[in-house]
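**Q** Provided below for reference: sequence and predicted model.
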Amino acid sequence: MRSAGAFDGNWNVVFVTRAGNCSSTNSAPFIVSGRRLISAGGGKVTGGISAAGYVSVRISLGLSAASGTGRLVGNAGAGRWSGIISGDRCSGIWQASRG
């Protein structure tokens, strides 16, 4: 089993919209520190990561908010997200890379 800090570092997450009228892709930088996820570029981030890499996160910026779940493995990760972005209900997938 990995230690809590196995995923520490800077991550870039790309959000791809599969349903709704939101932008087709957006990206956001995050920092993983122990079991916490921290925004590295604006917006409020709450959530955490398990020792096995399972992620649960909520991101809010102004009137927009989205929640996501997924898993990080090594230097990559993926999952699903949904939320209300600029008044539109949207959902899709996310992909993450460390570095």
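**A** The structure has been received and is ready for your questions. Just so it is clear, the structure is predicted and the values come from calculations on it, not from any experiment.
**Q** who's the residue lying closest to S64 once chain neighbours are set aside bridged to?
**A** With CB to CB, 6 or more residues apart in numbering as the criterion, S64 has its nearest non-adjacent residue at 4.6 Å, and that residue is I85. The way it works is simple: take the backbone N, C-alpha and C, and place the C-beta from them, glycine included. With DSSP bridges as the criterion, I85 is bridged to D88.
**Q** pLDDT at I85, what is it?
**A** For I85, the model assigns a pLDDT of 88.
**Q** next one: A4
**A** 52.
**Q** check W81 too.
**A** Taking W81 on its own, its pLDDT is 97.
**Q** ok, now which ones touch it?
**A** Applying CB atoms under 8 Å, 6 or more residues apart in numbering to W81 gives the contacts 15, 66-68, 91-94.
**Q** may I ask which two of the residues you listed are separated the most?
**A** S67 and I93 (13.5 Å; CB to CB).
**Q** run a quick neighbour tally on G92.
**A** When neighbours are defined as other CB atoms under 10 Å, G92 has 20 of them.
**Q** verify the stated contact: it with R18.
**A** Yes - counting by CB atoms under 8 Å, G92 touches R18, with 4.0 Å between them.
**Q** got the buried residues for the helix or strand containing R58?
**A** Element membership for R58 (DSSP states H and E) is strand 54-61. For strand 54-61, a neighbour-count test (16 or more other CB atoms under 10 Å) marks 55, 57, 59 as buried.
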